[in-house]
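**Student:** this one's structure only:
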Ligand SMILES: *Cc1c(COP(=O)(O)O)cnc(C)c1O
Ligand SMILES: [Zn+2]
């Protein structure tokens, strides 16, 4: 008989606060201290190597040994992940630096990095035989969960603050989700979703499936390392809302190191928040261990408008442990960041992406990032999702009569216009 290779490498769930261990079931909080649980892998049983991974399909499921799904037939896949790591020569030159990359997660199936946690969480919910899925969302997770639910044939309910960007609501609704628009902040929507998960036994992916959900996000840094030739970058700039992505990146880097896929780990994590909702940056700058929640977030970067970040304290610790930094950017700087990225590199980002570029610029100007440092910026969402923030006067529309002389009157006979 041929010995079957062991496919399930999840050892247990473990409380992030008190360390209590649990079997990997439908549980998400510690029974003793209510702390969040995280997936622990049996790394010794994982035999995967660089060569095997490189030969696999170009989605995040190429790292399946480090994802918490037991039955591969339950994977709900729209092709999330393995997005380009794009070297940015023109943007680097504009900023006066040497080695800059963006991880372009705008090209994911629903236009944001949230497809990473959503594909894992909806797969796990399917495996657990939940009868409905849902999420609490600032917009992007709504679309990502709804799309994967559609693919799985599961009903989907998304809880959003009622001021969520229209294009994101439309997108989620088009995938067939029921939209529950809560008259309040993200934190209000999150509370209502948590209660609903409990009362109806629905899988609210970022609440009661959260230990599994967050595992999807770390694949962004697996890819960055693989795409750099199996090494970790010196700096990663990460947009921060709840802090889950930043924590997942730190966990992912350590897992890759512990598996021997990286020879060392000296990456600094740099957290980027919008000024109008920057509780983690403020705690970092004031050397505090406490995150003071922002009651009424006020920023155009709505996907980061989480006033009371669930993973805030862990994100703060990860930033400090990595020797990293945290910085914020104003709405005006965010818009400038979006425009600069679009005009130099041809990538159209939503405000969360503008935040990372704005923070990059600030930290270079302040000297906190050296000009010859290597930097990877996570660009996590597409500009097509936030069209409402762009005004027509920022665009270069030239209206003409339908004949050449009318055009020539405006452009001139040389055929070259000044570019702003
Ligand atoms: C959700 C989101 C983030 C941040 O994620 P957290 O894990 O909540 O910190 C960043 N960028 C975009 C576009 C997002 O949708
Ligand atoms: Zn505990």
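**Tutor:** Perfect, I can see it now. These numbers were taken from a predicted model, which means no experiment stands behind them. Ligands and ions are numbered 1, 2, ... in the order given.
**Student:** Report the contact partners of the spatially most central residue of the chain.
**Tutor:** Centrality entry for the chain: nearest residue to the mean C-alpha point is residue 113, 4.4 Å, by Cα atoms, centre = their mean. With contacts defined as Cβ atoms under 8 Å, 6 or more residues apart in numbering, the neighbours of residue 113 are 105, 140, 217, 220, 245, 378, 380, 381. No exception for glycine: its C-beta is placed from N, CA and C like everyone else's.
**Student:** Show me the strands in the stretch 301-420 of the chain, by range?
**Tutor:** For the stretch 301-420 of the chain, the strands identified by DSSP state E, counting those that start in this stretch occupy 325-329, 374-379, in order along the chain.
**Student:** Which among the ones you listed is found nearest to ligand 1?
**Tutor:** Closest to ligand 1 of those, according to Cβ to the nearest ligand atom: strand 374-379, at 7.5 Å.
**Student:** That closest one and ligand 1 in contact?
**Tutor:** No: Strand 374-379 lies out of reach of ligand 1 by Cβ under 6 Å from any ligand atom, never closer than 7.5 Å.
**Student:** so what's the residue of the stretch 51-200 of the chain found nearest ligand 2 closest to, chain neighbours aside?
**Tutor:** Among residues of the stretch 51-200 of the chain, the one nearest ligand 2 by Cβ to the ion turns out to be residue 194. It sits 17.9 Å away. Take residue 194 and drop its neighbours on the chain: the residue closest to it by Cβ to Cβ, 6 or more residues apart in numbering is residue 207, 5.0 Å away.
**Student:** re the thing from before, how much space separates the residue nearest to the centre of the chain from residue 83?
**Tutor:** Taken as Cβ to Cβ, to the nearest Å, the spacing of residue 113 relative to residue 83 amounts to 8 Å.
**Student:** what do the two both touch?
**Tutor:** Where contact means Cβ under 8 Å, 6+ apart, the residues bridging residue 113 and residue 83 through contact with each are residue 105.
**Student:** Tell me who's in contact with the closest residue to ligand 2 within the stretch 251-400 of the chain.
**Tutor:** Distance from ligand 2 to each residue of the stretch 251-400 of the chain (Cβ to the ion) is smallest for residue 314, at 13.8 Å. Under the criterion of Cβ under 8 Å, 6+ apart, the contact partners of residue 314 comprise 16, 243, 247.
**Student:** and the stretch 301-420 of the chain, which of its residues are near ligand 1?
**Tutor:** Residues of the stretch 301-420 of the chain lying close to ligand 1 (Cβ under 6 Å from any ligand atom) are 303, 304, 350, 352, 380, 381.
**Student:** which of the residues you listed are buried?
**Tutor:** 303, 304, 350, 352, 380, 381 (16 or more other Cβ atoms under 10 Å).
**Student:** Excluding chain neighbours, what is closest to the fifth one?
**Tutor:** What that stands for is residue 380. Once flanking residues are discounted, residue 380 sits nearest to residue 113: 4.3 Å by Cβ to Cβ, 6+ apart.
**Student:** Now do that neighbour against residue 402, distance only.
**Tutor:** In this structure, residue 113 lies at 43 Å from residue 402, with Cβ to Cβ as the measure.
**Student:** do residue 140 as well
**Tutor:** From residue 140 over to residue 402 (counting by Cβ to Cβ), the distance is 40 Å.
**Student:** of the two, who's got more company?
**Tutor:** Of the pair residue 140 and residue 402, residue 140 is the one with more neighbours under other Cβ atoms under 10 Å, namely 32 against 6.
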